[in-house]
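Visitor: Okay, here's the prediction I keep looking at, along with the sequence it came from:
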Amino acid sequence: MMKVAPSLLSCNFLNLQQEIKRLEEAGVDYIHFDVMDGNFVPNISFAFPILNQIRQVTDLTIDTHLMVQDPERYIQTFAEAGSDIITIHVEATNHIHRAVQMIHATGKKAGVTLNPGTPIDSVVPLLKDVDLVLVMTVNPGFGGQQFIENGIEKIKFLKDYKEKHHLNYEIEVDGGVNKDTAKTCIEAGAEVLVAGSYFFKHKDLSIPTSVLRGE
Ligand SMILES: O=C(CO)[C@H](O)[C@H](O)COP(=O)(O)O
Ligand SMILES: [Fe+2]
């Protein structure tokens with residue numbers, strides 16, 4: 001069953017609690033929480049205090065996407081603030097394997113992700129140690145960008161590798177996901193779809209939830 005992870009980047013920040021309630025009512029699987037530091041990516045979003053307050057009002061899985069340079073500095077704080085999954089970029093640290101170990105030491109699930117310009121080989125040494133692999137299909141930093149096709153081959157590789165080696169990581173896709181690109185991602189083997197601008201443009205959030213699940 002496909003999982004749907006709406007990105008809060010595109011929600012109405014003035015009514016955050018109401019937005020979380022709408023997500024729960026729509027039956028989504030994860031809340032995708034995009035953290036941007038103005039260094040690893042050219043944009044700044046939101047961080048701990050907001051995450052912590054969201055944690056107080058929902059039991060939904062919080063899927064934290066850290067677009068942060070040297071994420072080791074913040075793993076503990078994001079774990080304590082209430083993340084369930086912490087995903088870090090292979091490009092953002094010299095010690096990605098150690099950073100994955102640090103996430104697991106907090107008791108949280110660990111994800112790794114890679115930019116469209118980064119070869120899939122960069123995550124292969126980590127695949128037996130992670131709970132999730134996030135394939136970026138936009139250059140991170142902004143919502144509302146166009147889907148970059150080279151992610152499809154990466155998804156296919158991850159699916160084949162997972163089957164061949166009997167591994168358990170989830171394959172997630174993020175960036176430019178809409179009704180049409182979702183289909184291609186699902187066919188390639190994606191299991192979790194992140195969607196921001198496409199998702200929140202609907203008044204009734206159960207519609208994009210069903211569409212993205214392929215129902
Ligand atoms: O990580 C991200 C951007 O860096 C966001 O999760 C992503 O862009 C979602 O927005 P959209 O669906 O509008 O592309
Ligand atoms: Fe994201």
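Guide: Thanks, I have it. Ligands and ions are numbered 1, 2, ... in the order given.

Visitor: and the longest helix for this protein?
Guide: The longest helix of the chain (DSSP state H) is helix 151-165.

Visitor: End to end on stretch 132-149, go ahead and measure it.
Guide: 20 Å (C-alpha to C-alpha, to the nearest Å).

Visitor: ok, and does it reach over to ligand 2?
Guide: No: applying C-beta under 5 Å from the ion, one finds stretch 132-149 separated from ligand 2 by no less than 6.7 Å. C-beta here means a position set from N, CA and C on the backbone, and glycine is covered the same way.

Visitor: Could you list the buried residues of that stretch?
Guide: 132-138, 140-143, 147-148 (16 or more other C-beta atoms under 10 Å).

Visitor: Please state the mean pLDDT value computed over it.
Guide: Average pLDDT, stretch 132-149: 98.

Visitor: element containing the residue in the chain that ligand 2 sits nearest to, please.
Guide: Among the residues of the chain, His65 lies closest to ligand 2, at 3.7 Å counting by C-beta to the ion. Using DSSP states H and E, His65 sits within strand 61-67.

Visitor: how close does the residue of the chain positioned farthest from its centre get to Ala195?
Guide: Most distant residue from the mean C-alpha position of the chain: Lys164, 24.1 Å away (C-alpha atoms, centre = their mean). The spacing between Lys164 and Ala195, counted by C-beta to C-beta, to the nearest Å, is 29 Å.

Visitor: related to what we said a few turns ago, for the strand holding His65, C-alpha coordinates in CSV please.
Guide: Extracted C-alpha coordinates of strand 61-67, given in CSV (Å, rounded to 0.1, in the frame of the first residue of the first chain):
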residue,chain,number,x,y,z
THR,A,61,4.5,9.9,12.0
ILE,A,62,6.7,12.9,11.6
ASP,A,63,9.1,12.4,8.7
THR,A,64,11.8,15.1,9.1
HIS,A,65,13.8,16.0,6.0
LEU,A,66,16.9,17.8,7.2
MET,A,67,18.3,20.0,4.4
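
Visitor: Could you tell me how far that strand lies from the centre of the chain?
Guide: 6 Å (C-alpha atoms, centre = their mean, to the nearest Å).

Visitor: Strand partners (parallel or antiparallel) of it?
Guide: strand 30-36 (parallel), strand 85-89 (parallel) (DSSP bridges).

Visitor: got a markdown table for those strands, with distance to ligand 1, mean pLDDT and mean neighbour count too?
Guide: Shown next, in a markdown table, are the strands paired with strand 61-67 (distance: least, C-beta to the nearest ligand atom, whole Å; pLDDT from 0 to 100; neighbours: other C-beta atoms under 10 Å):
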| stretch | distance to ligand 1 | mean pLDDT | mean neighbour count |
| --- | --- | --- | --- |
| strand 30-36 | 5 | 98 | 25 |
| strand 85-89 | 10 | 99 | 27 |
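
Visitor: With distance to Ile20 added, can I get those in TSV?
Guide: Compiled in TSV, these are given as follows (distance: least, C-beta to C-beta, whole Å):
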stretch	distance to Ile20
strand 30-36	7
strand 85-89	17
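
Visitor: Am I right that His202 is in a helix?
Guide: No: His202 is assigned coil when assessed by DSSP: H, G, I helix; E, B strand; the rest coil, not a helix.
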